[in-house]
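Undergrad: here is a sequence together with a model predicted from it:
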Amino acid sequence: MKLGFIGCGNMAGAMMGGIIKNNIFKSEDVYGSDVFEPSRERVKNMYGIHVSDNNVDVVDAVDVLVLAVKPQYYESVITQIKDHVRADQLIITIAPGKTLSWLAEKFGKDVKIVRTMPNTPALVGEGMTGATPNEFVTEAELKYVCEILSGFSKVEVISEKLMDTVVAVSGSSPAYVFMFIEAMADAAVEQGMPRAQAYKFAAQAVMGSAKMVLETGKHPGELKDMVCSPAGTTIKAVRVLEKEGLRSAVIEAMDACVDAAKGM
Ligand SMILES: NC(=O)C1=CN([C@@H]2O[C@H](COP(=O)(O)OP(=O)(O)OC[C@H]3O[C@@H](n4cnc5c(N)ncnc54)[C@H](O)[C@@H]3O)[C@@H](O)[C@H]2O)C=CC1
Ligand SMILES: O=C(O)[C@@H]1CCC=N1
C-alpha cells in the first residue's frame, strides 16, 4: 500500500514522522506534493519520501491520500484531482469545517472519505485524532485508516456532529496549552528562575498532570483537591485563577474556536 499527502506543511510533516517511525509505511511508500519548494525539500530531507510539485502525480501513485492543505485551498485542490481519484482509493481529510456532505458535493462522485481532525503533538507521537467515515468506507477500511492514524496519535471514531468540538478540544488546544506553559514559565522567570529551566518545570508539570488524568481515571477535580493542602499554597493560587476567570476564559475561547470551525 502507498500513502500520499497533498500539502507537506506542519501537520503533514507531523503525521509522516510518526507513520514512518512506527513502520506503518516505509518512507519509499510515502509520496507528497506541495506547491512550495521549501516544504517539499523539508519532508524529503527529514523522511526520505518521494516529492513532487504535481498533486495529480501523488493521486495516481497512492492507495490512501491525505488532503493536508489549508481549508481555503480544499476546493481548488479537489477540482484539480477529482477526475484522477479512483473509487477504491481512501481519502483522509484534516481540515476544520469541511463536512462530508461538502466534500461529497465537491468531488461530485462516490469517493471513500474519512474526515479527521489530528493535532501537532503527532510530531512526538502523542497526537489525538477524531475520525468519522462517509457511507462508502467499509468497517475494514475504517479500521485500516485508524491503524494509520495510530502511527502518530490516539484515535477516537466520533459522530460528525462532534467534529467542530474536536477542533476546539484537541486540534487547536495545543496552542492554549503552550500559552499556559509560557505564562507559568514567565512567572517563574519573574521569581528568578532561568528561562530554559522554567520551561522544563512547567512543561513536565503539564505532561505529568495530563498523564494522571489519563492513567488514574480519577476526576480532574479530585486530582486538583489532592494538590490543595489545607491552608496551603495551592488553594491560594486556585482562588486567584477562579477570581480571574480561568474556566470561563477557556470555555469562551473554545466556543469561539467552534464558531470559527463551523464558518470554514
Ligand atoms: N497545524 C495544526 O495544528 C493543524 C492543522 N490542521 C489542518 O491541516 C491542514 C494543513 O495545515 P498546516 O499543515 O498547519 O498548514 P501549512 O501551511 O503548514 O501547510 C500547508 C501546505 O500546503 C501547501 N499548499 C498550499 N496550496 C497547495 C496546493 N494547491 N497544492 C499543494 N500544496 C499546497 C503549502 O505550500 C504548505 O506547505 C489545514 O487544513 C489545517 O486546518 C488540522 C489539525 C491541526
Ligand atoms: O488553526 C487552525 O485553523 C488549525 C485547525 C486546528 C489547528 N490548527
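TA: Great, that's in hand. Ligands and ions are numbered 1, 2, ... in the order given.
Undergrad: and this protein, which residues reach ligand 1?
TA: Counting by C-beta under 6 Å from any ligand atom, the chain comes close to ligand 1 at 6-12, 33-36, 39, 55, 68-71, 73, 77, 94-96, 117-120, 171. Using the backbone N, CA and C atoms, a C-beta is placed for each residue, glycine as well.
Undergrad: contacts only, for the one residue in the chain that gets nearest to ligand 1.
TA: Relative to ligand 1, the nearest point of the chain is Gly9 (1.8 Å; C-beta to the nearest ligand atom). With contact set as C-beta atoms under 8 Å, 6 or more residues apart in numbering, Gly9 has these partners: 34, 39, 68-69.
Undergrad: 10 Å instead, please
TA: 34, 36, 39, 42-43, 68-70 (C-beta atoms under 10 Å, 6 or more residues apart in numbering).
Undergrad: assess the claim that Ala61 and Gly4 are in contact.
TA: Yes. Ala61 is in contact with Gly4 according to C-beta atoms under 10 Å; the separation is 6.2 Å.
Undergrad: what's the burial count for Asp164?
TA: Burial of Asp164 is recorded as 22 neighbouring residues (other C-beta atoms under 10 Å).
Undergrad: do the one 5 residues further on as well
TA: Neighbour count of Val169, defined by other C-beta under 10 Å: 17.
Undergrad: name the residues contacting each of Ala61 and Gly4.
TA: Listed as contacting both Ala61 and Gly4 by C-beta under 10 Å, 6+ apart are 29-31, 33, 50, 52.
Undergrad: any chance of the backbone angles for Gly171?
TA: Phi and psi for Gly171, reported as degrees, to the nearest 10, are phi -60, psi -50.
Undergrad: so how far is Thr129 from the closest residue to it other than its chain neighbours?
TA: In this structure, Gly171 finds its nearest non-sequential neighbour in Met117, 4.6 Å apart by C-beta to C-beta, 6 or more residues apart in numbering. Here the criterion is C-beta to C-beta, to the nearest Å. By it, Met117 lies 7 Å from Thr129.
Undergrad: sorry, back to before: let me have the shared contacts of Ala61 and Gly4 in JSON lines, extended by pLDDT, neighbour count and secondary structure.
TA: Shown next, in JSON lines, are these (pLDDT from 0 to 100; neighbours: other C-beta atoms under 10 Å; DSSP: H, G, I helix; E, B strand; the rest coil):
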{"residue": "Asp29", "pLDDT": "98", "neighbour count": "18", "secondary structure": "helix"}
{"residue": "Val30", "pLDDT": "98", "neighbour count": "25", "secondary structure": "strand"}
{"residue": "Tyr31", "pLDDT": "98", "neighbour count": "23", "secondary structure": "strand"}
{"residue": "Ser33", "pLDDT": "98", "neighbour count": "26", "secondary structure": "strand"}
{"residue": "His50", "pLDDT": "98", "neighbour count": "19", "secondary structure": "strand"}
{"residue": "Ser52", "pLDDT": "98", "neighbour count": "17", "secondary structure": "strand"}
